[in-house]
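1. I'll drop the sequence and a predicted model, then ask my questions.
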Amino acid sequence: MSANDGTSLDDGRITFGLDHEIEAVQRDPVCGMEVLPATAAAIEAYQGLDYYFCSRACKDKFDADPAQYVG
């Protein structure tokens, strides 16, 4: 699918006419910091979703009580 403005949607990725894909920023559920999935300090799957963390300390807090951090 393409638009006349240079954007395209291919397999769920938006390219905006660039020659590379833009990685979606994720939010650390513990501290709220923005995290790029490729550089996340840790990733945890919980109830079918992946959560990305800025640090191991945030992941440890999440692991102790995930329900506190997911809505």
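-> Sure, I can see it.
2. can we go C-alpha only for contacts and neighbour counts from here?
-> Fine.
3. just for this structure, where's the confidence low?
-> 1-22 (pLDDT under 70).
4. the strands in it, which residues?
-> For the chain, the strands defined by DSSP state E occupy 9-10, 13-14, 26-27, 34-35, 42-46, 49-53.
5. burial measure for Ala24, as a count.
-> Using other CA atoms under 10 Å, Ala24 is surrounded by 12 other residues.
6. ok, now which ones touch it?
-> Ala24 makes contact with 36-37, according to CA atoms under 8 Å, 6 or more residues apart in numbering.
7. so how far is Cys31 from it?
-> Separation of Ala24 from Cys31 (CA to CA, to the nearest Å) stands at 18 Å.
8. coming back round to it: deepest of the strands of the chain, which one?
-> Highest mean neighbour count of the strands of the chain: strand 49-53, a mean of 19 (counted as mean count of other CA atoms under 10 Å).
9. any chance of the strands of the chain in TSV, with distance to Ala67 too?
-> Converted to TSV, the strands of the chain look like this (distance: least, CA to CA, whole Å):
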stretch	distance to Ala67
strand 9-10	34
strand 13-14	30
strand 26-27	16
strand 34-35	20
strand 42-46	10
strand 49-53	13
